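K.L.:
Just a sequence and a predicted model for now, questions to come.
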Amino acid sequence: MVQGTMSDAGKSTLVAGLCRVLARQHIKVAPFKPQNMALNSAVTIDGGEIGRAQALQAIACNLPPHTDFNPVLLKPSSDTGAQVIVHGKALTTLEAKAFFGPQSKSYKTLALAAVMQSYQRLQQQYSVVVIEGAGSPAEINLRQGDIANMGFAEVADCPVIIIADIDKGGVFAHLVGTLTLLSPSEQARVKGFVINRFRGDISLLQPGIDWLEQYTRKPVLGVLPYLHDLHLDAEDALVDAPLHRTNTPPLPQQTPRLTVLVLVYPRISNHTDFDPLRLHPQIDFHYVSMQSMAQSSDWPAADLVILPGSKNVRADLAFMRQQGWHTKLNSHLRYGGKVIGICGGYQMLGLLIDDPLGIEDSAGCSKGLGLLPVNTVLKANKTLTQVRGHLRLQGHQAEFCGYEIHCGESSLTQPDVTQPIVIEQIAEQGLTVATPDGLVSDDQQILATYIHGLFDNPQACQLILSWAGLTQAQHIDINQIREQQLERLADVLEAHLDMNTLKGLIA
Ligand SMILES: NC(=O)CC[C@H](N)C(=O)O
């Protein structure tokens, strides 16, 4: 099990890399994260949802994503509450106290049972299960009944390695401090450390490593170099744009470009949708957030503004209004700019968003931005599907694969609108059922859809970019880039980690 001294120490990446190292040695390997807290999720083949990082780790193992890889997913919908997803399905929404505090016993009993069921199934099916912890195991206030770190390791009786990020400083204090705060039996489970994101002269680090090994009596199993331009799907944290690859030559001056803004509201979800745009050499990509607006009162001039998915659509819409972003969006449209709404963003562009059951927030109905003839009602049943179909824009067509994650159901309030997307589903007897999705506004300036992952399809991405004004967009294939990055990561791990000791832990 890989645990970290803090969030973003590199756990997910190390697990993904170890999965790929083992998979390419033809070992049957699967990833596992007992409990994840994230708003970037992926739809699984068994019709559930799991954290995005586990879906990436599944790809590293050459496996389709499965709910057993992440049996408990907490999706925060406010600062104190989260939707609880168990075995891929939304069970309930709980206040943080109910899953972390002293009254959390019933949640933890249920969650641990679900976690152990999945873990046992994986153990039966795979030779190796590479497990990822969450945050840090030394959060002493959260230790009782913990299922995400040492609590799980103790029940499952598995060895642990701890990874720490040297780039942010304090790596020795982080490792020694974390170890010290563990109980004796937990300390005994720690079989070594990994130091992550090192840059500079390794000989300068050696005295520190020697001291650490002597002081803790635990080996340092490797020092991983800082990997520039490692483009792998983010677990949750929004890494600021852009992601341009430094190893690609600069584009000639006259190359056509497009400026794209993505609005960051407090409960933005599935921002991995935009990785292909952030990597695109012809796109000047910006996130617009409260932080970026503290520096400048205006949005950068843009060709395209995207309203992404949201875990709490009505609250995020209220946030947009408070920030005055609705006025800026209207003026962007008046100047002829394009707008895309994806899932929650699509719902916000409509007339009404009704949440009669209080699925995302307190029950109520909010006025949308009024830019599309559509009303949305949030329902108890969540749509979770992998979809394929085609997108038709400006007389051209492109195939796509994508996924849907939403409680909302939207209905058109006007006949004769243009629906640019057709979802094709294979029904009984091999018949294809075609369902229309999304909208293009009459003036052709707004495109909206429920489908996530559209930009991951090179042809569909090119078509959308051309609609947005970039007529000669380069082809960018995020799946191919992801594959190259996983191979690169596995090469780095093989070169810098003590693989023999690690294999000994697995055996
Ligand atoms: N992924 C999303 O943006 C979901 C939108 C909204 N929260 C819903 O469930 O319908």
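P.N.:
Arrived safely. Computed from a prediction, not measured in an experiment: that's the story for all the values here.

K.L.:
which residues touch residue 58?
P.N.:
30, 31, 64, 65, 66, 69 (C-beta atoms under 8 Å, 6 or more residues apart in numbering). Where C-beta positions appear, they are placed from N, C-alpha and C, glycine not excepted.

K.L.:
what's the neighbour count on residue 426?
P.N.:
For residue 426, the neighbour count with other C-beta atoms under 10 Å is 10.

K.L.:
ok but residue 386 is inside a strand, no?
P.N.:
Yes - counting by DSSP: H, G, I helix; E, B strand; the rest coil, residue 386 falls inside a strand.

K.L.:
For the stretch 151-300 of the chain, what lies in contact range of the ligand?
P.N.:
269, 270 (C-beta under 6 Å from any ligand atom).

K.L.:
repeat that for 5 Å
P.N.:
Residues of the stretch 151-300 of the chain lying near the ligand by C-beta under 5 Å from any ligand atom: residue 269.

K.L.:
What about whichever residue of the stretch 151-300 of the chain sits closest to the ligand? Give its phi and psi, please.
P.N.:
As assessed by C-beta to the nearest ligand atom, the ligand sits closest to residue 269 within the stretch 151-300 of the chain, at 4.9 Å. Backbone torsions for residue 269, taken as degrees, to the nearest 10, come to phi -130, psi 160.

K.L.:
so who does it touch?
P.N.:
39, 40, 41, 75, 308, 309, 310, 311, 343, 344, 405.

K.L.:
same deal with residue 413?
P.N.:
351, 373, 374, 375.

K.L.:
Let me have those residues in JSON lines, adding secondary structure as columns.
P.N.:
Putting these into JSON lines (three-state DSSP) gives the following:
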{"residue": "351", "secondary structure": "coil"}
{"residue": "373", "secondary structure": "coil"}
{"residue": "374", "secondary structure": "strand"}
{"residue": "375", "secondary structure": "strand"}
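
K.L.:
Now stretch 76-89: buried residues?
P.N.:
76, 77, 78, 81, 82, 83, 84, 85, 86, 87, 88 (16 or more other C-beta atoms under 10 Å).

K.L.:
Double-check the fourth one against residue 96; I have them as touching.
P.N.:
Spelled out, that is residue 81. Yes - using C-beta atoms under 8 Å, residue 81 makes contact with residue 96 at a distance of 6.6 Å.

K.L.:
shaky segments in the protein?
P.N.:
Where the chain drops to pLDDT under 70, the residues are 99-103, 234-249, 427.

K.L.:
residues in it within reach of the ligand, list them.
P.N.:
By C-beta under 5 Å from any ligand atom, the part of the chain that sits against the ligand consists of 269, 309, 310, 313, 343, 344, 405, 406, 407, 408.

K.L.:
In JSON lines, list the buried residues of stretch 76-89 along with secondary structure.
P.N.:
Shown next, in JSON lines, are the buried residues of stretch 76-89 (three-state DSSP):
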{"residue": "76", "secondary structure": "strand"}
{"residue": "77", "secondary structure": "coil"}
{"residue": "78", "secondary structure": "coil"}
{"residue": "81", "secondary structure": "strand"}
{"residue": "82", "secondary structure": "strand"}
{"residue": "83", "secondary structure": "strand"}
{"residue": "84", "secondary structure": "strand"}
{"residue": "85", "secondary structure": "strand"}
{"residue": "86", "secondary structure": "strand"}
{"residue": "87", "secondary structure": "coil"}
{"residue": "88", "secondary structure": "coil"}
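
K.L.:
Closest to the ligand out of the residues you listed?
P.N.:
Nearest to the ligand out of the buried residues of stretch 76-89 is residue 77 (C-beta to the nearest ligand atom; 8.3 Å).

K.L.:
Next, the contact list for the closest one, please.
P.N.:
Counted by C-beta under 8 Å, 6+ apart, residue 77 has contacts 83, 93, 267, 311, 312, 315, 360, 361.

K.L.:
wait, doesn't the fifth one sit right on residue 79?
P.N.:
No - the pair residue 312 and residue 79 fails to qualify as a contact (C-beta under 8 Å) at a distance of 10.8 Å.

K.L.:
three-state assignment of residue 299?
P.N.:
Relying on three-state DSSP, one would call residue 299 coil.

K.L.:
List phi and psi for it.
P.N.:
Per-residue torsions, residue 299: phi -70, psi 150 (degrees, to the nearest 10).

K.L.:
Neighbours of it, how many?
P.N.:
With other C-beta under 10 Å as criterion, residue 299 counts 20.

K.L.:
Equivalent analysis for residue 53, please.
P.N.:
Neighbour tally, residue 53, other C-beta under 10 Å: 29.

K.L.:
helix or strand for it, which one?
P.N.:
helix 52-60 (DSSP states H and E).

K.L.:
Figure out how far that helix is from the centre of its chain.
P.N.:
For helix 52-60, the separation from the chain centroid amounts to 10 Å (computed by C-alpha atoms, centre = their mean, to the nearest Å).

K.L.:
in that helix, what's buried?
P.N.:
For helix 52-60, by 16+ other C-beta under 10 Å, it's 52, 53, 54, 55, 56, 57, 58, 59, 60.

K.L.:
now swap in stretch 380-391 and tell me
P.N.:
382, 383, 384, 386, 387, 389, 390, 391.

K.L.:
got the contact list for that stretch?
P.N.:
43, 45, 47-49, 88-90, 357, 359, 397-407, 409, 420-425, 434, 437, 450-451, 454, 460, 463-464.
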